[in-house]
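Enquirer: Pasting the sequence and the predicted model now:
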Amino acid sequence: MKHIRVAGSSSSYISVFSLFKADFQLIDANAHEMEANNVRNKNLASSIQGKLQQQSPLRSHHSIFRVPNVLRNDNERVYVPRLISIGPLHHGSKLQTMEGIKLWYLHCLLQRDQTRKTGLEHFVEAIRDIEQDCRDSYEEQIDMSSDDFVEMLVVDGCFIIELFRKSSGEVPTKEEDPVFHKSWIHTPLINDLLLLENQLPWRVLDRLFDLTLETSAGNNNHISLPEITLRYFEVYSLGMLSRTYRASGSKHLLDFIRNSLIGWYQSDDAHMPLSLFKIPSATELAGSGIILTTGRKYDGMLNKTFEDGVLRIPPIRVCKNGESLFRNLVAYEQCETTTGVSKYASYAVLLDHLIKSKEDVELLVKRGVIENFGDDMAWLLNNLSNGIIVYNFTYRRIYENLNTFCGTRWDRWHAYVRAAFRIYFRNPFELMNFTNAVFIVTLLTLIQTTYSVASYYKPQQ
């Protein structure tokens, strides 16, 4: 073995070997550390791999959602149930008053027809068959056992069906029924049943409805589930439910109401991102000569038209649950990926642009666009479109035509004349009264002017 001799003392050999030994130890430590890191990296990668979702969380079969915080915008009260919980998202909350009523309603349903061949076992079996499909309807992972989940669907679904039948008169109500004999329950209950977070899949209601049809003699003319649902919500659904309801394809109660409100709505094909596209307020439009009036109610609340200086808006009824229903419809549309065009979001933007002050509300009430039943209309002034993202604004063409019209002086003057004749001269008597009034005012003004001139030139005594 050949040694390297370093000039100096004999201790130089020892120093060199010590350096080599330290280097080897450092290399060995680095190798161990790298191996340990590789193991940790593999374990972490395996852990992440186990958490990966093979499908997008925004799958098309999701239809019941938590309202995103960006849409809540300090309006928690219009999204969270106050009286009754329906479905799993608020199940087990402190809303216990109605839990006993649910079970009592189920008891009444089962006891009413002693000859019924169906019963709880049939209900459970029918809902168990669609359990996974129902779980998939919710965007959130439902942390409930199979039995608890099916029980909840059966109890909640039977309560809703029994409620609808009692409300329609198909089933008699009892004097001790608090739902119909305590006035404070009625409106909050309707409100809670139309919350996005408080829904059951429509399939649950459909199956239970068919299973609970009365079979006794003389009671064969049954109201369908869509019609009985329409009857229950009609007064408290912005006054705009279309008789041409479309139950097929409905995903839950809120979705059914949404489809009914749309009616025969034909979307403007000139969609565009909203950006800074705006129109003047209602009073400003009227000041520009545009006539604001109502459209046909049963065409659907979304059908707006602007033609020959006339902006037609189907009437919207302001009820106690109006804000909650409207905001939940918008939230549903914002969460649902299959609804396509932003219909209700566009409508919210339109209302925001038209209504900037109480004067705007008063004008729309006067024109019949808003049917005010004495309820608080402050929500119409409360920034309805805050937090809303409008990808396809459906009123682009109307906006363009309104802005063009407002910018044309001749059209504005022509509209003033046309509006005057439509408002004041609807019959010969109004025209005669108007003419007489103009003549009298002109005559009085002329007499006053003559008297003033004569007094000024009167000779001094």
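Expert: Everything's here; your move.
Enquirer: any idea how far His90 is from the residue nearest to Leu193 when sequence neighbours are not counted?
Expert: Leaving out its chain neighbours, the residue that sits closest to Leu193 by CB to CB, 6 or more residues apart in numbering is Leu253, at 6.0 Å. For the C-beta atoms, the positions are set from N, CA and C on the backbone; glycine is no exception. Distance, Leu253 to His90, using CB to CB, to the nearest Å: 15 Å.
Enquirer: can you check Asp360 too?
Expert: According to CB to CB, Asp360 stands 36 Å off from His90.
Enquirer: neighbour count winner among these two?
Expert: Of the pair Asp360 and His90, Asp360 is the one with more neighbours under other CB atoms under 10 Å, namely 23 against 17.
Enquirer: Would you agree that one falls within a strand?
Expert: No. The assignment for Asp360 (DSSP: H, G, I helix; E, B strand; the rest coil) gives helix, which keeps it out of a strand.
Enquirer: so who does the nearest residue to it once chain neighbours are set aside touch?
Expert: Spatial nearest neighbour of Asp360, excluding adjacent residues (CB to CB, 6+ apart): Ala282 at 4.2 Å. Counting by CB atoms under 8 Å, 6 or more residues apart in numbering, Ala282 touches 292, 354-355, 360, 363-364.
Enquirer: Strands - which of those residues land there?
Expert: Leu292 (DSSP state E).
Enquirer: who wins for neighbours among the contacts of Ala282?
Expert: Within those, most neighbours by other CB under 10 Å means Leu364, with 26 neighbours.
Enquirer: Please enumerate the strands of the stretch 301-450 of the chain.
Expert: With strands called from DSSP state E, counting those that start in this stretch, the stretch 301-450 of the chain shows them at 305-307, 310-313, 316-318, 370-372.
Enquirer: Turn those into CSV, including mean neighbour count, mean pLDDT and distance to Leu95.
Expert: Formatted as CSV, the strands of the stretch 301-450 of the chain follow (neighbours: other CB atoms under 10 Å; pLDDT from 0 to 100; distance: least, CB to CB, whole Å):
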stretch, mean neighbour count, mean pLDDT, distance to Leu95
strand 305-307, 14, 89, 43
strand 310-313, 20, 91, 37
strand 316-318, 21, 79, 27
strand 370-372, 19, 79, 31
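Enquirer: so which of those comes closest to Arg128?
Expert: Closest of the strands of the stretch 301-450 of the chain to Arg128 is strand 316-318, at 40.7 Å (criterion: CB to CB).
Enquirer: in its sheet, what does that closest one sit against?
Expert: Partners of strand 316-318 in the sheet, by DSSP bridges, are strand 370-372 (parallel).
Enquirer: Which pLDDT value does the model give Gly157?
Expert: On pLDDT, Gly157 comes in at 98.
Enquirer: Quick one: list the elements packing against the host helix or strand of it.
Expert: Assessed by DSSP states H and E, Gly157 sits inside helix 146-168. Where contact means 3 or more CB pairs under 8 Å, 6 or more residues apart in numbering; DSSP states H and E, helix 146-168 is packed against helix 97-112, helix 120-128, helix 131-137, helix 178-181, helix 202-211, helix 225-233.
Enquirer: switch the cut-off to 7 Å
Expert: Contacts defined by 3 or more CB pairs under 7 Å, 6 or more residues apart in numbering; DSSP states H and E place helix 146-168 against helix 97-112, helix 120-128, helix 131-137, helix 202-211, helix 225-233.
Enquirer: And the contacts of the last one?
Expert: So the one you mean is helix 225-233. Residues outside helix 225-233 that contact it (CB atoms under 7 Å, 6 or more residues apart in numbering) are 164-165, 167-168, 190, 205-206, 209, 241, 245, 247, 253, 256-257, 260.
Enquirer: Out of the residues you listed, grab the one that's most surrounded.
Expert: Ile257 (27 neighbours).
Enquirer: circling back to that earlier point, which residues are in contact with the helix holding Gly157?
Expert: In this structure, residues lying in contact with helix 146-168 by CB under 7 Å, 6+ apart are 86-88, 91, 102-103, 105-106, 108-109, 123-124, 127-128, 131, 134, 142, 171, 173, 179-180, 200, 204-205, 208-209, 212, 223, 228-229, 231-232.
Enquirer: relative to helix 120-128, how tilted is that helix?
Expert: Calculated by axes from the mean of the first three to the mean of the last three CA atoms, to 10 degrees, helix 146-168 forms an angle of 110 degrees with helix 120-128.
Enquirer: in helix 146-168, what's buried?
Expert: Using 16 or more other CB atoms under 10 Å as the test for burial, helix 146-168 gives 149-167.
Enquirer: Make TSV out of the contacts of Ala282 and add pLDDT and distance to Gln96.
Expert: Output for these, formatted as TSV (pLDDT from 0 to 100; distance: CB to CB, whole Å):
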residue	pLDDT	distance to Gln96
Leu292	92	48
Leu354	92	43
Ile355	91	40
Asp360	92	43
Leu363	92	46
Leu364	91	42
